[in-house]
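Participant: sequence first, predicted model second:
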Amino acid sequence: MPDNVTLVDHPLVQHKLALMRRKETRTAEFRQLLREIALLLGYEVTRDLPLTSEEIETPLTKMTAPRLEGKKMVLVSILRAGNGLLEGMLELIPSARVGHIGLYRDPETLVAVEYYFKVPRDLSDRLVIVVDPMLATGNSAVAAVGRLKEEGANNIKFVCLLAAPEGIQAFSEAHPDVHIITAAIDDRLNGHGYIVPGLGDAGDRLYGTK
């Protein structure tokens, strides 16, 4: 496994992901499971946040207590499926700023085409966490991170549920400085650019549009 990839193999994550993979899992359950996994992945991606200390007073005494250091982080969702992960992350980090990048995959070329981009200012001073359930061909993630770098982001992490080896390779070649956090690395892509065994189209299953 590449050095820039973290596989989150926590039993709860793996159990919930297995439930999501099942084709008979209904939309409401799929949506809830995605929120739950997002929260668990959030713990991993924020594991190394810098801390400082401050003097506080408990009901019993004064003490020096840790707290997060620096400006609030930014969560960036790659529309539309990324919103499922975004909502779970926001439960863990409700003070985070939020951005959205709209991309669709051209069915012929599989190249990512941008149709929407709205992110907070001052990205250079913040940790930026990009979320999208699937890292398949890697084209959308590569394009999204490239745009964020153009806007000044220089501390970026990418969080997904599933990754294909082809997507990891393409992403790592384009952005070797960006760490990938994923719950699973599947076997391969099929001819249509879907992850196998995968879980189908995450956006369709999340919103019931298949």
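Facilitator: It's in.

Participant: every contact and neighbour count from this point should use C-alpha atoms.
Facilitator: Will do.

Participant: need the helices for the chain, in chain order.
Facilitator: Ranges of helices in the chain, per DSSP state H, are 11-21, 27-45, 82-92, 139-150, 165-174, 202-207.

Participant: which parts of the longest one are buried?
Facilitator: The neighbour-count check on helix 27-45 (16 or more other CA atoms under 10 Å) flags 27, 30-42, 44-45 as buried.

Participant: check the fourth one too.
Facilitator: Neighbour-count burial for helix 139-150, counted by 16+ other CA under 10 Å, picks out 139-145, 148.

Participant: residues making contact with it?
Facilitator: If you take CA atoms under 8 Å, 6 or more residues apart in numbering as the criterion, helix 139-150 is touched by 78, 101, 103-105, 110-113, 130, 132, 135, 156, 167, 170-171, 174-175.

Participant: now, of the residues you listed, which are buried?
Facilitator: 78, 101, 103-104, 111-112, 130, 132, 135, 156, 167, 170-171, 174-175.

Participant: okay, who's weakest in the residues you listed by pLDDT?
Facilitator: Across the buried ones among the contacts of helix 139-150, the bottom pLDDT score, 75, is held by residue 111.

Participant: once you drop chain neighbours, what's closest to it?
Facilitator: Once flanking residues are discounted, residue 111 sits nearest to residue 105: 5.6 Å by CA to CA, 6 or more residues apart in numbering.

Participant: that neighbour: what's it in contact with?
Facilitator: 111-113, 140.

Participant: ok, residue 102 next?
Facilitator: Residue 102 neighbours (CA under 8 Å, 6+ apart): 78-80, 114-117.

Participant: how about JSON lines for those residues, with distance to residue 16 added?
Facilitator: JSON lines is the format used below for the contacts of residue 102 (distance: CA to CA, whole Å):
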{"residue": "78", "distance to residue 16": "22"}
{"residue": "79", "distance to residue 16": "22"}
{"residue": "80", "distance to residue 16": "21"}
{"residue": "114", "distance to residue 16": "31"}
{"residue": "115", "distance to residue 16": "32"}
{"residue": "116", "distance to residue 16": "31"}
{"residue": "117", "distance to residue 16": "31"}
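
Participant: of the contacts of helix 139-150, which belong to strands?
Facilitator: 78, 101, 103-105, 112-113, 130, 135, 156 (DSSP state E).
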